[in-house]
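# task: produce atomic coordinates for the following.
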Amino acid sequence: VNNLTSNWPSGSYYGDGSGGEFSSINSLRRCGCGLAAIDSPGLSLFGANFSLPGKIQTVPRAETFALVVLTRLVAPMTDIIYYTDNKGVYNIFNGGPQASKRSINCDLFNEVFQNTLDKKVKMSVIWMPSHLDANETLPDGVSEIMVKGNNKADEQAGIAAHRLALPLNVSAPVLYYISLTKRIQHRLT
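The predicted structure follows:
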């Protein structure tokens, strides 16, 4: 995250998180985060991808960390609309600082609210369904621009997760023993 420039302008931003190839295996999961900026005609202005720091590597935490990074990078006194396909991030942010205290990611939400206060940022967080195709009939309230933005953020998170993936010499033994355990359990049943 250190190499990203700050003072991002007012506008619409999209965020996402990805657990990568081994998302379902806790010990192998390495999460990436993505942000994308899309303008009103639907042109991709820019994107950013980065890793989720720390030992806790969950996709919901990565989704929340994308919002943290956005609040770090936006310029003071900006007006931000943030789109997320994570219902938890949407619900907790819109529940306010008190609701966020009950979240497992309360440390991240605390930073989000503190950054918005310190920088006097006006932020709206909007939820949208994930993995939509712009060619299909879109749900009410979802535009093609929103689909493009969400897909761009998803792509950026995937790039980061792929870059962070553990090498085969580390993941192969874990995958082998998971497979072996499943076969043994199947045989016992």
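# contacts, neighbours, all on C-alpha from now
Noted.
# packing partners of the helix or strand where Ile81 lies?
For Ile81, the host element (DSSP states H and E) is strand 79-84. Judged by 3 or more C-alpha pairs under 8 Å, 6 or more residues apart in numbering; DSSP states H and E, strand 79-84 is in contact with strand 11-18, strand 122-127, helix 144-164.
# can I get the first one in PDB, CA atoms only?
Output of strand 11-18 as PDB, limited to C-alpha atoms (Å, rounded to 0.1, in the frame of the first residue of the first chain):
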ATOM      1  CA  GLY A  11     -15.900  10.400  -7.000                       C
ATOM      2  CA  SER A  12     -17.200   6.900  -7.200                       C
ATOM      3  CA  TYR A  13     -14.900   4.100  -6.000                       C
ATOM      4  CA  TYR A  14     -15.400   0.300  -6.000                       C
ATOM      5  CA  GLY A  15     -13.700  -2.100  -3.600                       C
ATOM      6  CA  ASP A  16     -13.300  -5.900  -3.300                       C
ATOM      7  CA  GLY A  17     -11.300  -8.600  -1.600                       C
ATOM      8  CA  SER A  18     -10.100 -12.000  -2.800                       C
END
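# change the start of the numbering to 23 and stick with it
Okay, residue one is now 23; in that scheme the one you just asked about reads as strand 33-40.
# ok, and what's touching that strand?
The contact list for strand 33-40 (C-alpha atoms under 8 Å, 6 or more residues apart in numbering) reads 53-61, 81-85, 88-89, 101-108, 171-172, 174-176, 179-180, 183.
# just the buried ones from these?
Buried subset of those (neighbour count, 16 or more other C-alpha atoms under 10 Å): 53-60, 81-85, 88-89, 101-108, 171-172, 174-176, 179-180, 183.
# how far is the strand holding Ile103 from where the chain is centred?
13 Å (C-alpha atoms, centre = their mean, to the nearest Å).
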